[in-house]
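**Q** show me the folded form of this:
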Amino acid sequence: MKYTYYLDESGNSGDLIGNKMNLAFGNQPIFTLSCIGISDLKKTIRFVSELRTKHDINDDELKSSELYFTKPEAILDLAKFISNERLPILVELVEKKYCIATNIVNHHIMPPYYMPDESDGKAQYIRNGLADYIANNLTDDCYESFFYACNNPSEENLLSSMNDLKNFFNIKKDVSNFYELTGKSIDETIDDYNVMKSRVGSELAIKKFLPLPDTTKKGINIKLLPHVHSIFNIIGRLNKYHCKELSNVTLLHDVQNDFDSILIYCKEFLENENLSGNGPPVLNSDYEVTEKLTLEFVDSEKNVGVQIADLLAGFFNRYINGLLYKNVDVDNVYHEIFSEFKKNFKYGSPLGVNFVIPESKQKIIFSRFNF
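**A** Numbers count the residues shown, from 1 in each chain. Below is the predicted model of the structure:
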């Protein structure tokens, strides 16, 4: 049996580390990538046609930017259809600032390649806690140093970024062991850099302690693209959902003129690389990809499946943004939509929403909806 999934994103998928630091991200703090499997496309097209008539939707293309605020009842009807038809949905929801914080932890505090066995999950638990704290408390000066090192990689800029981070924690080291131990971890990372430099030279060593940029087909370097982590996770989740049988799976993604080659590379990387089995445990994913899947890019204006993926990505992006970041008074219909989508989410399942946001914000959602 062949399986087709449709993907689209919401929240400006550009790189997070620009030449000028902007931690507001143009008032788009969240990136979402949604994926939905549709087994009976003809039935789905008929439903969408009826949805247009019922809610007086005249635009040729269904767009979340148009419907979220003006016709939320249409999205609720869509959620009920997806729930009733038991269509699999997989969503990656990423806080952009938290994504940067995670990279600071992974490159300046606890580089994963110096921890040979993380299968017990303890190291990742510590990383998550550090990223949560950094996302909520790190000063702009430290972020600026990290940005500058990423944009102008050199030993001087790398060590400056690490030392600024260390000083941030050392100022508070008398408050608790957390700050002192974090400062010591950064010292160990600096020692690791010097050891690696002695073995492979500074140019290669520097690359191990800063996020590697992705390169578009036009030769443009993209630094920290949340789309990359999200497509990795979507494929890993689908691999678990389909019990490693991906040869009959096709992903149809909205056209990506700038990033298509990068996303194809991500797919091929998972297909061709033997990833270590000593990494931290992940309940909802399997990154040991043994079969090749198909990834194609299609025009959303001509593809109902991709339009539905757009509605999903846009809904989850705007709903979580309003609830957790803008702190607006969210109308009950949006809570009802989220609850409808949640009906088929189960703990540890590949399906549902993967909240890549600080744990402090996760708890608000998990508590409210009894995850």
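**Q** are we agreed that L251 is in a strand?
**A** Yes - L251: assigned to a strand according to DSSP: H, G, I helix; E, B strand; the rest coil.
**Q** who touches it in this structure?
**A** Y5, Y6, L7, C35, I234, L293, T294, L295, E296 (C-beta atoms under 8 Å, 6 or more residues apart in numbering). Bear in mind the C-beta positions are built from the backbone N, C-alpha and C, glycine included.
**Q** tell me the buried residues within those residues.
**A** Y5, Y6, L7, C35, I234, L293, L295 (16 or more other C-beta atoms under 10 Å).
**Q** thinking again about what came up before, can you tell me which of the contacts of L251 are in strands?
**A** Residues of the contacts of L251 located in strands (DSSP state E): Y5, Y6, L7, C35, T294, L295, E296.
**Q** tell me the one among these nearest to T215.
**A** Distance to T215 across those (C-beta to C-beta) is lowest for L295, with 18.1 Å.
**Q** bridging residues for that closest one?
**A** Counting by DSSP bridges, L295 forms beta bridges with L251.
**Q** how about the strands in the stretch 51-200 of the chain?
**A** 89-95 (DSSP state E, counting those that start in this stretch).
**Q** coming back round to it: okay, the contacts of L251 in JSON lines with distance to F341 and pLDDT next?
**A** Formatted as JSON lines, those follow (distance: C-beta to C-beta, whole Å; pLDDT from 0 to 100):
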{"residue": "Y5", "distance to F341": "16", "pLDDT": "98"}
{"residue": "Y6", "distance to F341": "16", "pLDDT": "98"}
{"residue": "L7", "distance to F341": "17", "pLDDT": "97"}
{"residue": "C35", "distance to F341": "13", "pLDDT": "98"}
{"residue": "I234", "distance to F341": "17", "pLDDT": "98"}
{"residue": "L293", "distance to F341": "25", "pLDDT": "96"}
{"residue": "T294", "distance to F341": "26", "pLDDT": "97"}
{"residue": "L295", "distance to F341": "25", "pLDDT": "97"}
{"residue": "E296", "distance to F341": "26", "pLDDT": "96"}
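**Q** dump those to CSV, plus distance to I357.
**A** Converted to CSV, the contacts of L251 look like this (distance: C-beta to C-beta, whole Å):
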residue, distance to I357
Y5, 24
Y6, 24
L7, 20
C35, 19
I234, 17
L293, 28
T294, 31
L295, 26
E296, 30
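**Q** which SS class is K218?
**A** Classified using three-state DSSP, K218 is coil.
**Q** now, among the buried ones among the contacts of L251, which is nearest to I100?
**A** Using C-beta to C-beta, these come closest to I100 at I234, 20.9 Å.
**Q** nearest residue to the closest one other than its sequence neighbours?
**A** C35 (5.2 Å; C-beta to C-beta, 6 or more residues apart in numbering).
**Q** repeat that for E9.
**A** E9's closest residue in space is L33 (C-beta to C-beta, 6+ apart), at 4.8 Å.
**Q** same check on L93?
**A** T32 (5.0 Å).
**Q** quick one, what contacts the one you found?
**A** With C-beta under 8 Å, 6+ apart, T32 has these contacts: E9, S10, G11, V91, E92, L93, V94, A313, G314, F316, N317.
**Q** 7 Å instead, please
**A** E9, S10, G11, V91, E92, L93, A313, F316, N317 (C-beta atoms under 7 Å, 6 or more residues apart in numbering).
**Q** which SS state does it fall under?
**A** Per three-state DSSP, T32 ends up strand.
**Q** now it: how far from H227?
**A** Noted for T32: a distance of 10 Å to H227, by C-beta to C-beta, to the nearest Å.
**Q** overlap in contacts of those two?
**A** E9.
**Q** residues contacting the longest helix along the chain, please?
**A** Counting by DSSP state H, the longest helix found in the chain is helix 177-200. For helix 177-200, the external contacting residues (C-beta under 7 Å, 6+ apart) are 108-111, 114, 130, 159, 162, 165-166, 169-170, 172-173, 205, 208-209.
**Q** show me where the stretch 51-200 of the chain has helices.
**A** For the stretch 51-200 of the chain, the helices defined by DSSP state H, counting those that start in this stretch cover 64-70, 72-85, 96-104, 122-137, 140-151, 155-170, 177-200.
**Q** quick one: which of the ones you listed is nearest N327?
**A** Between N327 and the helices of the stretch 51-200 of the chain, the tightest spacing by C-beta to C-beta is seen for helix 122-137, at 15.0 Å.
**Q** what is the neighbour count of the residue nearest to N274 when sequence neighbours are not counted?
**A** Nearest residue to N274 in three dimensions, chain neighbours excluded: E288, at 8.0 Å (C-beta to C-beta, 6+ apart). For E288, the tally of surrounding residues (other C-beta atoms under 10 Å) stands at 14.
**Q** so is E288 in a helix, a strand, or just coil?
**A** Secondary structure for E288, judged by three-state DSSP, is coil.
**Q** follow-up on the earlier one: can you redo the ones in strands among the contacts of L251 as JSON lines with distance to L16?
**A** Below are the ones in strands among the contacts of L251 laid out as JSON lines (distance: C-beta to C-beta, whole Å):
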{"residue": "Y5", "distance to L16": "26"}
{"residue": "Y6", "distance to L16": "25"}
{"residue": "L7", "distance to L16": "20"}
{"residue": "C35", "distance to L16": "21"}
{"residue": "T294", "distance to L16": "29"}
{"residue": "L295", "distance to L16": "23"}
{"residue": "E296", "distance to L16": "27"}
